[in-house]
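Participant: How does the following fold in three dimensions:
(3 chains)
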Amino acid sequence: MAEFTTEDALRSRWSAAARPRAVRWFSGLGVVFVLGAAALGLLATRLTGMSYAVALAVAVVLLLTGGSCLGAAVVVQYPRAVGRLLQRLGLPLFLLAVAAIIVVAWAPVLLWPDKPLIVRDVLAVVGAVGFVSLFASFAIWWERKVAGRIQSRLGPMRVGGWHGWAQSIADGLKLFQKEDILPGGGDAVLFRMAAYVTFVPALSLFIALPFSAAWVGRDLDVGLLLIVALFGLGVIGVLLGGWASNNKWSMYGAMREACQVISYEIPLGFSLLIPIMVAGTLRLTTIGELQAGGFWTWLAFRNPFTLIAALTFLIATLASCKRAPFDLPEAESELVAGYMTEYSGFRWALFMFAEYAEMFAAGALTAILFFGAWHSPLPAAWGAAWATGPLWQQALHGVVFSGPLWLIFKGIFFVYVQIWLRWTLPRIRLDQVMHACVQFMLPVTMVVLLAQTFWQLLVPAGSVLAVALNLACTVLGALVALGIASIAVYGLRYRRRLVGTLVVDHLPGS
Amino acid sequence: MYEAIAFYLLAAVVAGSAFGCVIATNIVRMALCLLGTLGGVALLYFLMAANFLGVVQLIVYAGGTLIVIVFGVMLTSRAAGVRLRPKRSEALAGTLICIGLLAGLVTLLVRTAWPAAQSEAQAYDVAWLGNELLSTYLVPFEMVSVLLLAVMIGAAFLAQPSGKDKEPEER
Amino acid sequence: MPDAPLTNSPDSLADVERVVPGELRTEEMLLNMGPQHPSTHGVLRLVLRTDGELVLEAVPHIGYLHRCAEKIGESVASFQFIPITDRLDYLAAMINNQGFSLAVEKLAGLEVPERARYIRVIMAELNRIASHLVSFGTYGLDMGAFTPFLYGFREREYILDLFEAACGARLTYSFITPGGVTQDLPDGFLDNLARFLDYFEPKIDEYNDLLSFNYIFIKRTAGVGVISPEDAIAYGLTGPCLRGSGVKWDLRRCMPYELYDRFDFEIPVGVAGGTDRIPREVVAGDSWSRYFVRMQEMKQSVRILRQCVQQLPAGEFRNKPKGILKLPPKEVYLEVEGARGQLGFLVVGDGKAVPRRVKIRGPSFCNLAITKHVCRQVLLADIAAILGSIDVVMGEVDR
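Facilitator: Have a look, this model is predicted:
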């Protein structure tokens, strides 16, 4: 079987006669656009204020379009050479492009502090959309790799070269091209709206989700409540999607999902009340800054009640994001794909994006509320000198002590935990899900809430009891983290022995 | 200037959704239009810097009441072909009443001397709201809690199985 | 429910198709778990009458995989029918071959050499392990545990490699024919088999820890779809379904064929929970017992295989009859213990090479009959649990 390489993918669809004309058109347009961008950029330096920003934005757009046209001309003219280059440099180029986009997007923020607010808002929205798209693509690839490794196989390996990193991009392009099927007899308007109604709240909650004390779209004083509200709004889209599919199985999935998500909003809310009580505010940045003093100040380790609240919050978010073991709405063995059965192409991709966005938001929220937000385990006070130094010192401070990278890392870690659980545990039946919610989660969270109330009222902050329990929970948390890490190291070191000799002999390269 | 644009846009969304909810014949589409109305009202609250109220509107109305309505609608209108069309006389009477109400409301809005906003919106943040609820407005707060408790007990009582059907065994 | 129950008769099928959506009562829903469904293990159609999540009645409709196997048996010679038997229970094809070959040999009075018999037992037990691995994997998949499926198929790859070395095929072997087997075992087969057995036996315990004793799995399957021993015998259940209800009946022990009376192995049956490592919620005859009987049977098959490897003699691998084998004008009905139950072959000879009638008793066909009886007043998610534990293969049901 012949390999399908990057060269094959880039080979032009035009006939040999049409190709020179295409190259001429592309290069011509590209040159025109680039020159126009340059002219507009020169003009922009003479303007001020709003017209300056607009002219700059248009110039950047023209530059990108012109660059793409020139690139297309090169690809049509020299497909083989470009293919070989991409094969080798694909991944570094992609990462460089992502970094460049981030820099270009945030450079105005850092270099021109007194820009109009609307520019900052547009950047925040674009950043949120970009981050969600990028994260969803990454998370789908990551889930397939992790699932493969748990199942004793490799996951995507081919698309793009190194461990199939471009698999999500290829899948996205494929979904783009699929026929848009609307189920006959289903409500077409509702069918379309359902995908949007699910996607928009999942995207909107990134407005209020802080990535760091300064990196936040809108630092609302009710930020936490807004995120919880938007979590719950996703249910409507799922219900509408299940209804509009004109499919009894989709209806089952939608009903189950609505039951489950609504029921688990109650333990979710109760668990959320604990950090709100400790912090005394709904503002997420304040809750985050409360945990700046090293990992013994993280809210999960303050006392046993907050630890239990952290665990119940994790379980409740699992149910809220419809992830296994609570994935009845998407139960593949019973309902094919539940409420998503009739969706194909990009509409399905919208549902998937919404799900992964919610997963990251849930993980990030867990991190912000309980596990130190955007701070590293080291106290931020140790690096206070770097926070106000030159740019490279600030960047180092962001990497070592506290910065958005840490929140993204923690969010991805909790998504990682969710992926582990999905590929290990079987599915819980709906009545058992309800049973667990009402007869286990609800009493536990209520008791914890009461206990935390009395703890806060009766036990002074610096007393011996508080410090002792803080220390005990911290040690417990550190031991659990060490335990997980050591199991991982042990598995890595003895992986050939653990999996068995026959498997090892059959592995490629052995 | 931007606030005026945002207000007119949101008002159009709210009014349009409400209108759509009234004239829709498919009951599930009515629910969708209701979502537009309630969501639009929440956004209007955000526009007025009443953040807490907007969030509560989202949680309670869009995320709670609307879901109950959609549930009820979907579970009771299995026959998808049911179309809700009012009779001619009903539509005429409804339109006349609406025009009368609109005239009354517009007159009221135009004739009243609305005072300008007195203080900074930021002064009324969530902490202030919580304090007021538990000090100045404690009695209404407790009364509402008792009312909600009565509602929950009533709902639990009404949702009981009628006793005729055998329940599946607990596993 | 005060309603005429749905039956399998053609009239009621027409009734099912004719129901108009507007006439549905709001309490009940007719749901089609259609021929194409991830958890009906093949082309099985279940028509469910549900009240919300509660299934009031489940009626199986079969026939989507009917390929006229028995009719073909009347037009081809006995040795030509072997590939057709492959495709009955396509997950345990060697045992199908073995059953038909034994029936033809008994009818024609054909002697089979000792070595051939041992090779047959080796292939049959290996295929039993392979079939139970598929059953274990797909049952986990139905319950939402995606990983054991991949592990089961990883082990199955080694078994299929052994089969490929022996006869060239991975799924439909046509290896066991009347008179013996088609080819002798290749060099190194027994060493590879021994290596595989050493590798595989601890894996069964691993899978028990991963899936069988997982709390969520137990909650999903224990106490679900309980079949009493009396019901099991009345409905003609055989194989792990019967043994899961506590009835200690295995043809290899009770009516031994081939060489099974020479081997030392146990017959696992389902027991009530609380003893040994059996979880407390388990009742004899529930889905968990049927599933766990299969896991224990894999261990017993490994035991038999080890004894075969030790005892295998040298000799002929086939007693090839002169010319085409003619079947005397008698009839023979013979049953073997297939992976899913008692697989029976009735061969009626005519004096010619082509039999007059071949009738196949598919164990899954009889096992499926209990679906309607046991899938009453259960939740929708339990249907998958019950079907997965009965473990039907539609090739045997429809033939």
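
Participant: need the helix or strand of chain B with the lowest average pLDDT.
Facilitator: For chain B, using mean pLDDT, DSSP states H and E, the weakest element among its helices and strands is helix B:66-76, scoring a mean of 79.

Participant: So for B:Val60, what's the pLDDT?
Facilitator: The per-residue pLDDT reported for B:Val60 equals 91.

Participant: Give me the neighbour count for it.
Facilitator: 14 (other CB atoms under 10 Å in any protein chain shown). Backbone N, C-alpha and C define where each C-beta goes, glycine included.

Participant: Before we go further, it is sitting in a helix, right?
Facilitator: Yes: counting by DSSP: H, G, I helix; E, B strand; the rest coil, B:Val60 is found in a helix.

Participant: List the buried residues in the helix or strand containing A:Val467.
Facilitator: Per DSSP states H and E, A:Val467 falls inside helix A:464-493. Neighbour-count burial for helix A:464-493, counted by 16 or more other CB atoms under 10 Å in any protein chain shown, picks out A:Ala466, A:Leu469, A:Asn470, A:Cys473, A:Thr474, A:Gly477.

Participant: Which of these sits closest to A:Val122?
Facilitator: A:Val122 has its nearest neighbour among those in A:Gly477, at 40.3 Å by CB to CB.

Participant: For the closest one, which non-adjacent residue is spatially closest?
Facilitator: Closest residue to A:Gly477 apart from its sequence neighbours, by CB to CB, 6 or more residues apart in numbering or on different chains: A:Phe301 at 5.3 Å.

Participant: what about the one you found, how many residues close to it?
Facilitator: Counted by other CB under 10 Å, the residues lying close to A:Phe301 total 26.

Participant: I'd say it and A:Leu479 touch.
Facilitator: No: at 11.7 Å, A:Phe301 does not count as touching A:Leu479 under the criterion of CB atoms under 8 Å.

Participant: ok, the residue in the stretch 51-200 of chain C positioned nearest to chain B - contacts?
Facilitator: Distances between the stretch 51-200 of chain C and chain B by CB to the nearest CB are smallest at C:Leu54, namely 6.0 Å. The contact partners of C:Leu54, by CB atoms under 8 Å, 6 or more residues apart in numbering or on different chains, come to B:Pro168, C:Gln377, C:Val378, C:Leu379, C:Leu380.

Participant: per-residue pLDDT, the residue nearest to A:Gly477?
Facilitator: At A:Phe301, the model reports a pLDDT of 90.

Participant: contacting residues for it?
Facilitator: Contact analysis of A:Phe301 by CB under 8 Å, 6+ apart lists A:Phe295, A:Leu307, A:Asn470, A:Cys473, A:Thr474, A:Leu476, A:Gly477.

Participant: Could you do A:Ala194 as well?
Facilitator: Contacts of A:Ala194 (CB under 8 Å, 6+ apart): A:Gly237, A:Val238, A:Leu240, A:Gly241, A:Ala244.

Participant: how about a cut-off of 6 Å?
Facilitator: A:Gly237, A:Leu240, A:Gly241, A:Ala244 (CB atoms under 6 Å, 6 or more residues apart in numbering or on different chains).

Participant: Figure out the helix or strand that it lives in.
Facilitator: helix A:188-204.

Participant: so for that helix, what's the average pLDDT?
Facilitator: On average, helix A:188-204 scores 89.

Participant: and what of stretch A:56-72?
Facilitator: Stretch A:56-72 shows a mean pLDDT of 90.

Participant: can you check stretch B:97-106 too?
Facilitator: 93.

Participant: what sits up against that stretch?
Facilitator: Contacts for stretch B:97-106 (CB under 6 Å, 6+ apart): none.

Participant: how far out from the middle of the chain is it?
Facilitator: Taking CA atoms, centre = their mean, to the nearest Å, one finds the center of stretch B:97-106 at 21 Å from the center of the full chain.

Participant: export it as CSV, just CAs?
Facilitator: Output in CSV follows, covering the C-alpha atoms of stretch B:97-106 (Å, rounded to 0.1, in the frame of the first residue of the first chain):
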residue,chain,number,x,y,z
ILE,B,97,-56.0,44.4,24.2
CYS,B,98,-52.3,44.4,23.4
ILE,B,99,-52.6,47.7,21.6
GLY,B,100,-54.5,49.2,24.5
LEU,B,101,-51.9,48.0,27.0
LEU,B,102,-49.1,49.3,24.8
ALA,B,103,-50.8,52.7,24.6
GLY,B,104,-51.1,52.8,28.4
LEU,B,105,-47.5,51.8,29.0
VAL,B,106,-46.1,54.3,26.5
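
Participant: What residues sit buried inside that stretch?
Facilitator: With burial defined by 16+ other CB under 10 Å, not one residue of stretch B:97-106 is counted as buried.

Participant: just curious, which of the contacts of A:Ala194 is nearest to chain B?
Facilitator: A:Leu240 (6.6 Å).

Participant: any residue of the helix or strand hosting the closest one up close to chain C?
Facilitator: Per DSSP H and E, A:Leu240 falls inside helix A:223-244. No: Helix A:223-244 does not reach chain C (CB under 6 Å from any CB of the partner chain); its nearest approach is 13.9 Å.

Participant: buried ones in whichever helix or strand comes after that helix?
Facilitator: On the C-terminal side of helix A:223-244, the closest following helix or strand by DSSP H and E is helix A:248-279. By 16+ other CB under 10 Å, the buried positions in helix A:248-279 come out as A:248-272, A:274-279.

Participant: Remind me what helix A:248-279 packs against, helices and strands.
Facilitator: helix A:223-244, helix A:284-289, helix A:304-320, helix A:332-335, helix A:442-458 (3 or more CB pairs under 6 Å, 6 or more residues apart in numbering or on different chains; DSSP states H and E).

Participant: possible to save those as TSV with mean pLDDT, mean neighbour count and distance to C:Leu327?
Facilitator: Putting those into TSV (pLDDT from 0 to 100; neighbours: other CB atoms under 10 Å in any protein chain shown; distance: least, CB to CB, whole Å) gives the following:
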stretch	mean pLDDT	mean neighbour count	distance to C:Leu327
helix A:223-244	88	26	59
helix A:284-289	91	22	83
helix A:304-320	92	22	63
helix A:332-335	56	22	45
helix A:442-458	93	16	71
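
Participant: Please name whichever of these is nearest to C:Tyr215.
Facilitator: Minimum separation from C:Tyr215 across the helices and strands packed on helix A:248-279 (CB to CB) falls at helix A:304-320, 14.4 Å.

Participant: Compute the inter-axis angle for the closest one and helix A:248-279.
Facilitator: Interaxial angle, helix A:304-320 versus helix A:248-279 (axes from the mean of the first three to the mean of the last three CA atoms, to 10 degrees): 160 degrees.

Participant: pLDDT below threshold where in the chain?
Facilitator: Picking chain A for this. Along chain A, the model assigns pLDDT under 70 to residues A:1-6, A:105-116, A:330-337, A:500, A:503-504, A:506-510.

Participant: ah, no, chain C please
Facilitator: Filtered on pLDDT under 70, chain C yields the residue ranges C:1-27, C:38-40.

Participant: With that, I have no additional questions.
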